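# I would like the atomic coordinates for the input below:
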Amino acid sequence: MTSVEETKDGGHEPADPGPSGYAAARLRLLQEESRSGPSRRSALSALTDQWLAGLYGQAARDTGVRGAALVAVGGYGRGELSPRSDLDLLLLHDGRAEPEALAALADRLWYPVWDLGLALDHSVRTPGEARRTAAEDLKAHLGLLDARLVAGDAGLLAGLRTSVLADWRNQAVKRLPQLHSLCRERAERAGELRFLLEPDLKEARGGLRDTTALRAVAASWLADAPREGLAEARRRLLDARDALHLVTGRATDRLALQEQPQVAARLGLLDADALLREVYEAARVVAYAGDVTWREVGRVLRARAARPRLRGLLGTRGAPAAERAPLADGVVESDGEAVLALAARPDRDPVLPLRFAAAAAQAGLPVSPHAVRRLAAQAGPLPVPWPAQAREQLVTLLGAGEPTVAVWEALEAEGLISRLLPDWERVRCRPQRNPVHTWTVDRHLIETAVRASALTRRVSRPDLLLMAALLHDIGKGWPGDHSVAGETIARDVAARLGFDAQDTTVLGVLVRHHLLLVETATRRDLDDPATVKAVAEAVGSTGTLELLHALTEADALATGPAAWSTWRASLVADLVARAAALLRGAPHPAAELEIPTTEQERLAVEALRTGEPVLALHARQEEDDAVGVELVVAVPDQPGVLPAAAGVLALHRLTVRAADLRSLELPDLPGEVLVLRWRVAAEFGALPQAARLRTDLIRALDGSLDVPAKLAGREAAYPRRRGVVPPPPRVTVVPEVSSLATVLEVRAPDAVGLLHRIGRALESAGVRVRSAHVSTLGANAVDTVYVVDNNGKPLPQADAAALAASVQVALG
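Residues are numbered from 1 along each chain as shown. Model (predicted):
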């Protein structure tokens with residue numbers, strides 16, 4: 001029995017069974033300007049079906065073979081024939097035909113294909129043999145999942161397809177890890193498609209092989225890939241491969257540089273860059289779908305493996321529900337992913353997408369694609385300028401290190417990044433023709449932020465460093481010098497994000513001059529005073545120079561291995577040292593203490609009168625900080641005030657965003673009062689009562705509340721999950737800032753009880769804290785502490801250095 005699939009070839013006449021008729025019809029089809037993409041691929045498959053069905057029918061009659069079928073597998077089985085694709089064919093038979101007759105039938109099919117110069121992958125098997133081969137060869141099993149009848153016995157193929165699909169689903173626990181391993185090995189060999197200047201459209205990660213693997217995962221019924229945009233991405237890759245085949249006349253999948261302009265023209269695109277952007281965008285969709293799918297496969301397989309053990313332990317009660325550990329307000333960890341809390345309301349919380357992303361990255365967790373999709377659908381726009389909390393969460397996300405990349409890409413896949421930062425759209429998937437660059441522009445910016453996160457201890461404003469890292473190449477894609485265009489864009493972005501005028505100016509300078517140090521250090525005479533003077537004038541201050549130095553290193557490290565070396569680093573460091581010396585020529589202004597407010601004086605009087613702490617809480621009305629408050633505490637001067645107050649706040653889960661401590665002397669009252677002013681926010685939404693804070697502070701000062709033990713117990717019970725190990729704390733003595741005190745600067749990861757530990761270390765060293773100024777910048781804290789000896793004098797230089805070292809050890 002012979003059958004041919006019904007096809008619609010758009011008016012092409014049926015192919016002559018002979019090679020010449022098929023070849024002519026094939027040529028006419030490929031030369032049709034009006035037919036391209038899926039229409040041409042399906043028409044080419046149908047045309048090939050007709051030709052092969054004709055060959056099969058005649059050969060089967062001539063040889064007398066019955067109980068056989070000609071089957072298309074792989075890409076041909078899916079009906080996706082590109083102009084130079086291989087023909088993957090299986091001659092399936094029931095085993096009853098004579099071997100000589102079967103061999104003759106095969107020859108009558110294969111030789112005409114070879115005569116036309118077409119590549120052919122062929123085999124002759126019974127259903128049992130095909131099934132056994134599939135069991136031993138993963139690639140063969142994958143090909144059979146797409147098996148399709150060309151001609152012959154439809155029932156024979158239907159039985160094989162049913163068996164092969166059942167085997168695939170029954171063996172999914174074994175087969176899918178093998179397939180994942182195969183995909184990883186291929187990615188190691190071929191690289192990441194969306195970052196290659198000459199990508200392999202089939203083999204590279206994010207290419208056509210990965211789309212086939214995702215189909216196979218879906219066929220297992222174990223997991224399914226995100227469908228949004230995946231079919232369109234596959235179509236774009238296939239279209240590019242079709243155009244490549246037609247331009248080169250070869251069966252190639254590598255998009256070589258010299259062929260890109262012609263391929264772009266055939267696809268109706270502006271130029272080679274437009275081609276690469278389209279291909280990169282498709283590969284990004286495929287790669288993200290793969291990441292999500294394989295993570296879900298792993299989760300399902302782990303759950304299946306655990307189920308028998310749990311049944312044995314729990315009997316008939318079943319497995320317990322997955323724990324939901326809080327990460328941030330509205331964000332929890334569940335089953336190894338960051339998800340939205342049950343009470344989260346994205347429609348009422350425009351900062352939630354950034355808080356969700358920052359919490360996931362800081363914890364080193366993947367984000368739930370369902371949560372990201374919900375945020376994209378429901379979260380409202382942020383007000384302009386952004387509230388402080390949104391800006392802080394963005395900085396926290398950027399400072400999380402390597403986990404930032406996956407979280408950022410998940411948000412980008414759902415369009416959240418372009419919504420938050422509209423200027424991002426222009427650099428997204430933009431290729432960089434310079435072979436020194438490893439990444440596209442958008443990924444390079446994120447990689448620079450990742451590198452910068454390791455350098456945050458070197459700068460006093462890590463938030464500005466991380467933002468500059470994100471924006472330094474934002475001008476690429478605009479006419480002219482990208483640094484000049486980028487400065488304008490960076491200033492606009494900074495203003496929209498709510499940075500003040502001074503910070504906006506600094507970010508503009510950093511973006512405008514992000515290549516200044518490395519270009520000057522490697523191309524100019526550093527012994528020429530004019531060279532150093534030009535750098536100093538461009539930068540303007542030692543703080544900006546410090547930031548530019550760290551940005552230069554992060555940018556180079558994120559560019560590629562050829563962009564940074566020990567030699568370049570030493571040249572840049574030499575230039576920075578010379579410019580810093582020139583900028584320090586003017587004396588530093590002495591730090592001035594603010595005049596106390598009327599309320600601070602009132603609280604100080606009350607504290608001296610009662611001999612106990614007195615505090616006041618004020619709700620903050622500025623920006624969107626609904627749960628943020630200002631807390632003012634006055635305490636009669638005594639040892640341990642700073643660590644006690646900071647520890648009590650930590651116990652009550654209050655995050656310190658800024659703090660200020662000073663000593664007051666009142667003219668009509670004996671003794672000194674320490675006044676501490678805190679800007680705090682509840683970690684998970686609810687603020688404690690002022691009376692409880694005061695009671696616990698009294699107990700902490702009299703020793704009845706063991707703050708260190710309480711904090712340690714809570715940390716042991718609820719360990720804070722971190723994705724990567726942050727850079728270690730750094731404590732330095734800041735010279736020539738104050739003539740009244742020794743100034744220590746502490747740069748450390750923001751963590752529960754950090755200020756408490758700093759205070760304890762200072763108390764243990766026997767010094768008095770004259771004032772303290774705390775800033776939390778994303779995930780980093782920069783705390784400046786003014787200390788004096790017991791006589792109220794600054795510490796000698798050697799003692800100050802020893803104190804800094806001891807505090808650093810205590811924090812380490």
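
# Pull the number of nearby residues for residue 244.
26 (other C-beta atoms under 10 Å). Heads up, the C-betas are built off the backbone N, CA and C, glycines and all.

# And for residue 128?
Neighbours around residue 128, by other C-beta under 10 Å: 12.

# what about it, which helix or strand?
helix 127-136 (DSSP states H and E).

# which residues sit against that helix?
Residues from elsewhere that reach helix 127-136 (C-beta atoms under 8 Å, 6 or more residues apart in numbering): 90, 92, 94-95, 123, 125, 140-141, 144, 156, 159-160, 163-164, 167, 171.

# Of those, keep whichever come out buried.
Neighbour counting by 16 or more other C-beta atoms under 10 Å classes 90, 92, 94, 123, 125, 140-141, 144, 156, 160, 163-164, 167 among those as buried.

# partners of residue 149 in the sheet?
residue 71 (DSSP bridges).

# Would you mind confirming that it is in contact with residue 76?
No: counting by C-beta atoms under 8 Å, residue 149 does not reach residue 76; the two are 12.0 Å apart.

# Out of the contacts of helix 127-136, flag the one nearest to residue 505.
residue 141 (61.9 Å; C-beta to C-beta).

# got the contact list for that closest one?
Going by C-beta under 8 Å, 6+ apart, the list of residues near residue 141 reads 134, 135, 164, 167, 168, 175.

# Which helix or which strand is home to the third one?
Assignment of secondary structure by DSSP H and E places residue 164 within helix 154-170.

# how about stretch 327-346: buried residues?
Under 16+ other C-beta under 10 Å, the buried positions of stretch 327-346 are 327-334, 337-341, 344, 346.

# typo on my end, it should be stretch 391-407
391-401, 403-407.

# Okay, and which of the residues you listed map to helices?
Judged by DSSP state H, helices contain the following of these: 391-398, 403-407.

# can I get these in a markdown table with distance to residue 470?
Below are these laid out as a markdown table (distance: C-beta to C-beta, whole Å):
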| residue | distance to residue 470 |
| --- | --- |
| 391 | 12 |
| 392 | 14 |
| 393 | 14 |
| 394 | 8 |
| 395 | 9 |
| 396 | 13 |
| 397 | 10 |
| 398 | 6 |
| 403 | 16 |
| 404 | 10 |
| 405 | 13 |
| 406 | 16 |
| 407 | 14 |
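
# what's the most distant pair in the residues you listed?
The widest separation within those (C-beta to C-beta) is 22.2 Å, between 391 and 406.

# what does stretch 156-165 contact?
Here stretch 156-165 has contacts from 67-69, 71, 92-94, 127, 130-131, 134, 141, 144-145, 147, 149, 219, using C-beta under 8 Å, 6+ apart.

# Just the buried residues of these.
67-69, 71, 92-94, 127, 130-131, 134, 141, 144-145, 147, 149, 219.

# So residue 782 belongs to a strand, correct?
Yes: assigned with DSSP: H, G, I helix; E, B strand; the rest coil, residue 782 falls within a strand.

# okay but it is in contact with residue 458, surely?
No: judged on C-beta under 8 Å, residue 782 makes no contact with residue 458 at a distance of 11.4 Å.

# Of those two, which one has the most company?
The neighbour count for residue 782 versus residue 458, taken as other C-beta under 10 Å, is higher for residue 782 (21 against 17).

# Now do the same contact list for that one.
Neighbours of residue 782 in contact, by C-beta under 8 Å, 6+ apart: 460, 461, 462, 745, 746, 747, 775.

# what does residue 386 give?
With C-beta under 8 Å, 6+ apart, residue 386 has these contacts: 496, 497, 498.

# my guess is the first one meets residue 384, correct?
Yes: between residue 496 and residue 384 there is a contact under C-beta under 8 Å: 5.3 Å.

# More neighbours: which of those two?
The neighbour count for residue 496 versus residue 384, taken as other C-beta under 10 Å, is higher for residue 496 (17 against 9).

# Any figure for the gap between that one and residue 768?
44 Å (C-beta to C-beta, to the nearest Å).

# go on, residue 704?
Taking C-beta to C-beta, one finds residue 704 at 24 Å from residue 768.

# Which of the two has more residues huddled nearby?
Neighbour count, other C-beta under 10 Å: between residue 704 and residue 768, residue 768 has more, with 19 against 9.

# Return the set of residues that bridge with the more buried one.
The partner residues for residue 768, given DSSP bridges, come to residue 788.

# Contact partners for it?
787, 788, 789, 790, 792.

# circling back: go through the buried residues of stretch 327-346 and say which is closest to residue 46.
For those, with residue 46 as the reference and C-beta to C-beta as the criterion, the closest is residue 337, at 44.2 Å.

# Please name the bridge partners of that closest one.
residue 334.

# pretty sure it is touching residue 366, no?
Yes: between residue 337 and residue 366 there is a contact at 5.5 Å, judged by C-beta under 8 Å.

# okay, now residue 38: neighbour count?
Residues within reach of residue 38, counting by other C-beta under 10 Å, total 15.

# in stretch 524-544, what's buried?
524, 526, 531, 532, 535, 536, 538, 539, 542, 544.

# contacting residues around the fourth one?
With contacts defined as C-beta under 8 Å, 6+ apart, the neighbours of residue 532 are 526, 575, 578, 579, 582.

# Was I right to think the second one contacts residue 521?
By that I understand residue 575. Yes: counting by C-beta under 8 Å, residue 521 is a contact partner of residue 575 at 4.5 Å.

# shared neighbours of these two, which are they?
Joint contacts of residue 575 and residue 521 (C-beta under 8 Å, 6+ apart) do not exist.

# other SSEs contacting the helix of greatest length in the chain?
Taking DSSP H as the criterion, the chain has its longest helix at helix 272-314. Under the contact criterion of 3 or more C-beta pairs under 8 Å, 6 or more residues apart in numbering; DSSP states H and E, helix 272-314 touches helix 172-190, helix 208-219, helix 230-248, helix 260-266, helix 403-413.

# What strands flank the helix or strand following that helix, and is each parallel or antiparallel?
Using DSSP H and E, the next helix or strand after helix 272-314 towards the C-terminus is strand 324-328. Strand pairing for strand 324-328, determined by DSSP bridges: strand 331-334 (antiparallel).

# and residue 748, helix, strand or coil?
State at residue 748, reduced to three classes by three-state DSSP: strand.

# residue contacts, it?
Contacts of residue 748 (C-beta under 8 Å, 6+ apart): 457, 729, 730, 754, 780, 781, 783, 811.

# hang on, the earlier thing: next, the angle from the longest helix of the chain to helix 172-190.
Interaxial angle, helix 272-314 versus helix 172-190 (axes from the mean of the first three to the mean of the last three C-alpha atoms, to 10 degrees): 150 degrees.

# Next, the angle from helix 272-314 to helix 208-219.
30 degrees.

# ok now helix 272-314, how far from the chain's centre?
In terms of C-alpha atoms, centre = their mean, to the nearest Å, the centre of helix 272-314 is set 15 Å apart from its chain centre.

# What of stretch 483-501?
With C-alpha atoms, centre = their mean, you get 23 Å for stretch 483-501.

# contact partners of that stretch?
384-388, 390-391, 394, 421, 423, 467-468, 471-476, 478-479, 503-505, 507-515, 623.

# rerun that using 7 Å as the cut-off
384-388, 391, 421, 423, 471-475, 478, 503-504, 507-508, 511-512, 514-515 (C-beta atoms under 7 Å, 6 or more residues apart in numbering).

# Show me which of the residues you listed are buried.
Here, 16+ other C-beta under 10 Å leaves 385-388, 391, 421, 423, 471-475, 478, 503-504, 507-508, 511-512, 514 buried among the contacts of stretch 483-501.

# Next step: those residues restricted to helices.
388, 391, 471, 503, 504, 507, 508, 511, 512.

# can you redo those residues as JSON lines with distance to residue 215 and pLDDT?
Formatted as JSON lines, those follow (distance: C-beta to C-beta, whole Å; pLDDT from 0 to 100):
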{"residue": "388", "distance to residue 215": "47", "pLDDT": "93"}
{"residue": "391", "distance to residue 215": "43", "pLDDT": "96"}
{"residue": "471", "distance to residue 215": "39", "pLDDT": "98"}
{"residue": "503", "distance to residue 215": "50", "pLDDT": "97"}
{"residue": "504", "distance to residue 215": "49", "pLDDT": "98"}
{"residue": "507", "distance to residue 215": "46", "pLDDT": "98"}
{"residue": "508", "distance to residue 215": "49", "pLDDT": "98"}
{"residue": "511", "distance to residue 215": "44", "pLDDT": "98"}
{"residue": "512", "distance to residue 215": "48", "pLDDT": "98"}
